[in-house]
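Enquirer: Build the 3D model from these lines:
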Amino acid sequence: MNNQSVWMHIGAGSFHRAHQAWYLHKLREQGDDSWSIALGNIRDDANALLTQLDKQQGAYVLETVSPEGERHYEQISSIKKILPWDAQISALIEQGAQPNTRVIAFTVTESGYYLTPEHELDLTQADVKADLAGGIRTLYGALTRILKRRVELGGAPVTLLNCDNLRHNGERFRHGFLSFLKAKQETALYDWVSANTTSPNTMVDRITPRPTPDVAERVKAATGIQDAVPVMGESFIQWVIEDDFIAGRPALEKVGVELVDSVLPWEEAKIRILNATHSCIAWAGTLIGLSYIDDSTRHPVIRQLAWEYVSQDVIPSLTPSPLDLGDYRDVVLARFSNPHIKDTNQRVAADGLSKIPGMVTPTLIQCYARGSEPQASAVLPALFYLFLQRWAQGDLPYEYQDGVMQPDTIRALFAGSDPLKAFTSDEALFAELAGNDAFHALMVRTVARMQAWVNETTAQPLTV
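Expert: Take a look at the predicted model:
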């Protein structure tokens, strides 16, 4: 990569290739080729993708589709180096230690940070314990190895950039990482990270479903390119970043990235309106036998539940805001209704045990604080409860993925005498509302109402 500045990205999923890589590609299209991406993964679950990308010299086609069905194709060429996986993540360590690697960014999902409801590192998690003992199961364990080597080679400053859907994502990651280093008694590295890295908060947005075989077929028909690893997403895209890069950054403002002092208003709107609503729709759709987000969003009852949640509880909680929250709500529901994306309920339903405390509980708490019963917001944990109950019964139509789930614990909860009481008393999910009598009573009513709706709906022939 000569003397180019390198953006090393950890997390070789579709989202990175449809989002951060796209922005860097647009910058290169303008003639600024001073930055390129080196892409790798901590775990071995992306090896086939990385191998194929390497065969394609890092290039791939991005298909985007608008709500009106207009498709657009671009060959993305910002990934210039593929970092092959091995058990010691040696390629990541080598690249991350180089002084011209000025940004180390990552997408490891909400559950990949192992934080408690109080935003502290959960030292009881098996993966965290393994990494404290020298493993590389988590981002924290991986960064410890990468940055120790970087210090050995001179210790050039570097920005550590969180690109996941996590409130205050830079701050929360940084606190988790420093807590990990402290628990691991890595005092020297703790001091170096504190002084020589920054972790700006960011807000990222583009719906990016897991690619299906028909994407490659459309890419070939439209472009003539035989691409084994294309990616597709919606036409909408947004990236808001706090401008706090310690070692320089790409000129992202030239390609539509919003560089701001604080991402808080954008972040809160996205997490509570877009992310929470997305999950609500996925859980509800799954419960009545639907497979896709767009079909679920267009179901009149589900759409109304989502609209009421945002309108009655979230907008009052976020007002005043520099954003037009009502307009944002309507744009989000229109995006989710896009019939051409075919995003699955399975993908969006994942990681609910992290999403409830991060995306929903803050609104529940704020409603009670201002003397308002959160009837509309209670629908979300009620749907998730029924969804988890289906999982415990082995009755979900797909495999549910949740990074912090302890299956035996969930099965034991539903085998107990009062599973809903145990659910609403879980501090990891509901923080200060756990064990609150008023909240529990609300949830009893709401779960009963949602169960009755599911029973009534599934008793009828399903039309979408």
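Enquirer: what residues are up against Pro362?
Expert: Pro362 makes contacts with Arg167, Arg272, Ser317, as judged by CB atoms under 8 Å, 6 or more residues apart in numbering. To be clear about C-beta, it is placed using only N, CA and C from the backbone, and glycine gets the same treatment.
Enquirer: helix or strand for Phe15, which one?
Expert: Here Phe15 sits within helix 14-18, counting by DSSP states H and E.
Enquirer: still on that earlier bit, kindly present the contacts of Pro362 as a markdown table, with separate columns for pLDDT and neighbour count.
Expert: What follows is the contacts of Pro362, written out as a markdown table (pLDDT from 0 to 100; neighbours: other CB atoms under 10 Å):
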| residue | pLDDT | neighbour count |
| --- | --- | --- |
| Arg167 | 86 | 21 |
| Arg272 | 96 | 26 |
| Ser317 | 97 | 21 |
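Enquirer: for these, which one is nearest Glu217?
Expert: Set against Glu217, the nearest of the contacts of Pro362 by CB to CB is Arg272 (37.4 Å).
Enquirer: How many neighbouring residues does Thr197 have?
Expert: 20 (other CB atoms under 10 Å).
Enquirer: so what's it closest to, chain neighbours aside?
Expert: The shortest distance from Thr197 to any non-neighbouring residue, by CB to CB, 6 or more residues apart in numbering, is to Leu160 (5.1 Å).
Enquirer: Run through who's touching the host helix or strand of the one you found.
Expert: Assessed by DSSP H and E, Leu160 sits inside strand 158-162. Contact with strand 158-162 is made by 96, 101-106, 143, 147, 150, 169-170, 172-174, 177, 196-202, 241, 244-247, 249, as judged by CB under 8 Å, 6+ apart.
Enquirer: Mind checking which of these are in helices?
Expert: Gly96, Leu143, Leu147, Arg150, Asn169, Gly170, Arg172, Phe173, Arg174, Phe177, Asn196 (DSSP state H).
Enquirer: Out of those, the closest to Ala448 would be?
Expert: Nearest member of these to Ala448, counting by CB to CB, is Arg172, at 35.2 Å.
Enquirer: Tell me the spacing between the closest one and Pro265.
Expert: As judged by CB to CB, to the nearest Å, Arg172 and Pro265 stand 17 Å apart.
Enquirer: Who has more neighbours out of those two?
Expert: Each of Arg172 and Pro265 has its neighbours counted (other CB under 10 Å); Arg172 has more, 21 against 17.
Enquirer: Check the gap between the more buried one and Pro200 for me.
Expert: Arg172 sits 12 Å away from Pro200, going by CB to CB.
Enquirer: now swap in Asp343 and tell me
Expert: Using CB to CB, one gets 28 Å for the distance from Asp343 to Pro200.
Enquirer: so after the strand or helix carrying Arg329, what's the next helix or strand?
Expert: Using DSSP H and E, Arg329 sits within helix 325-336. Going down the chain from helix 325-336, the next helix or strand is helix 345-349, by DSSP H and E.
Enquirer: by contact count, what packs against that following helix?
Expert: Packing partners of helix 345-349 (3 or more CB pairs under 8 Å, 6 or more residues apart in numbering; DSSP states H and E): helix 276-287, helix 293-298.
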